[in-house]
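# Structural data only, the sequence is not supplied:
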């Protein structure tokens, strides 16, 4: 693809004329994006992150490390450029500013420079292979369409977004407590979901088989779209991870929020979906009879969803129900409606691409900002800064007149600050310590060898 093709239709522009000094029309276009990449996109922070300390002066730093990372750009008219590589932050920044990609995806670190892969292919050696890649997770609200009634498809609102919040809580806790990972970045996808980057050294060096094993650790969905029972929780007791998720997150969210937010038991059409998950037809028939009778008589002032849920629990968990399957059914219903729905294939393979943080989603104009897992309940996707909003803030002189940088003058400043202080700085400290430790270990081995 030629440079002219990449830049087609992307002339520089002035945001506004003298008559409208501050107003920026809503919407998304390449001209807005060019200004965003020129003034607000944190090129240096992305470079620092993807270098993992190898941009330093320590003798053990791998100077080729960043240059072996794949970047992919999606340009206008669905022009897709893969296997790009850059040797410095200036190369990365200049390329982004020049090509003005609608989306930036980040791939693995390869054994050789991905831009020169063809030269190695001609040699006949299969040396072009991924050697490092963050363990990544992708969760999309569209995969929850069978358990939400407020929205469908790419649409999302504050009634169904908490499903994403629950996913963050469950997965983040397991990654930290069960696997011992520390450097985890959660990012809003810009429209309808969240991405997770696990960046510890031991996570980046996982094989595809090890990644698949971790993905399977989170798997509880056994059915398909045509199955009434998508969840299978075998055994007399829940796995400790599932038990913790249920008691600390899922049960409370289902009963206090999801039941009423989505009116899961308010109508026959909706409660039938839940009754179909009960393996004992006589129990389901008994509940159905009660609820149909309640429909014809006056109900109490209590929320009908909560009343019916308590009735279901009382029957399934009563002493009369001797079978383990019926007692477990309550938990399986809760898991079916609330448990994280991961795109497993994204997590299993090192060569999968994932959208870079701080990109702008072309459909919504919203920036893919980091999410603090410790405060994810407070995250509101409807208030995430948009491209036009940020440019308007720049035009007005910014929110803070004493700001040291461009993004501090906009509502993006808080996200960049969080990325740096809570994620990047601890990660780089750990990465440099790992480089130093590895260097000292090799030095000691060398001394031991010489002593012989």
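Received it, and whenever you're ready, just let me know what you need. Everything numeric here is computed off the predicted structure, so don't read it as measured data.
# give the contact list for the closest residue to residue 41 other than its chain neighbours.
Excluding the flanking residues, the one nearest residue 41 by CB to CB, 6 or more residues apart in numbering is residue 358, at 5.8 Å. In short, each C-beta sits where N, CA and C put it, glycine included. By CB atoms under 8 Å, 6 or more residues apart in numbering, the contact set of residue 358 is 41, 42, 46, 367, 368, 369, 415, 416, 419.
# before we move on, what about residue 438?
residue 60.
# what's the spacing between the residue nearest to residue 41 and residue 147?
For residue 358, the distance to residue 147 (CB to CB, to the nearest Å) stands at 31 Å.
# thinking again about what came up before, what's the distance between the residue nearest to residue 41 and residue 390?
As judged by CB to CB, residue 358 and residue 390 stand 11 Å apart.
# Residues that sit against both of these two, list them.
Shared contacts of residue 358 and residue 390 (CB under 8 Å, 6+ apart): residue 367.
# Could you list the low-confidence segments of this protein?
Across the chain, the ranges flagged by pLDDT under 70 are 1-25, 121-126, 222-229, 295-301, 319-325, 398-404, 448-452.
# Nearest residue to the middle of it?
Closest residue to the average C-alpha location of the chain: residue 195 at 1.2 Å, with CA atoms, centre = their mean.
# secondary structure class for that one?
Recorded secondary structure, residue 195: strand (DSSP: H, G, I helix; E, B strand; the rest coil).
# Look up which helix or strand the closest residue to it other than its chain neighbours falls in, please.
Excluding the flanking residues, the one nearest residue 195 by CB to CB, 6+ apart is residue 187, at 4.7 Å. Take DSSP states H and E as the rule and residue 187 turns out to sit in strand 184-188.
# Just the helices from the stretch 301-450 of the chain, written as ranges.
Taking DSSP state H, counting those that start in this stretch as the test, the helices found in the stretch 301-450 of the chain are 304-316, 324-338, 344-348, 387-395, 413-418, 425-451.
# Flag every buried residue along the last one.
This means helix 425-451. The neighbour-count check on helix 425-451 (16 or more other CB atoms under 10 Å) flags 427, 428, 430, 431, 432, 434, 435 as buried.
# shouldn't the first one be in contact with residue 49?
Which is residue 427. Yes - when contacts are counted by CB atoms under 8 Å, residue 427 is listed as touching residue 49 (7.1 Å).
# Could you name every residue contacting both of these two?
Contact criterion CB under 8 Å, 6+ apart; residues shared by residue 427 and residue 49: residue 199.
# Contact partners for the residue nearest to residue 195?
Neighbours of residue 187 in contact, by CB under 8 Å, 6+ apart: 194, 195, 196, 197, 357, 368, 369, 370, 371.
# How about residue 377?
Counting by CB under 8 Å, 6+ apart, residue 377 makes contact with 162, 165.
# mind checking how far residue 348 is from residue 207?
Per CB to CB, residue 348 is found 10 Å from residue 207.
# between those two, who's got more neighbours?
Counted by other CB atoms under 10 Å, residue 348 and residue 207 do not tie: residue 348 has more neighbours, with 18 against 9.
# So the closest residue to the more buried one other than its chain neighbours, which state does it fall into?
Of all residues not flanking residue 348 in the chain, residue 212 sits nearest, at 4.5 Å (CB to CB, 6+ apart). Recorded secondary structure, residue 212: helix (three-state DSSP).
# before we move on, the earlier item: just send the contacts of residue 358 back as JSON lines, with neighbour count and distance to residue 57 too.
Formatted as JSON lines, those follow (neighbours: other CB atoms under 10 Å; distance: CB to CB, whole Å):
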{"residue": "41", "neighbour count": "24", "distance to residue 57": "27"}
{"residue": "42", "neighbour count": "19", "distance to residue 57": "23"}
{"residue": "46", "neighbour count": "22", "distance to residue 57": "21"}
{"residue": "367", "neighbour count": "26", "distance to residue 57": "33"}
{"residue": "368", "neighbour count": "23", "distance to residue 57": "32"}
{"residue": "369", "neighbour count": "21", "distance to residue 57": "32"}
{"residue": "415", "neighbour count": "24", "distance to residue 57": "30"}
{"residue": "416", "neighbour count": "23", "distance to residue 57": "26"}
{"residue": "419", "neighbour count": "21", "distance to residue 57": "24"}
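# now, which of these sits nearest residue 397?
Nearest to residue 397 among the contacts of residue 358 is residue 416, at 18.5 Å by CB to CB.
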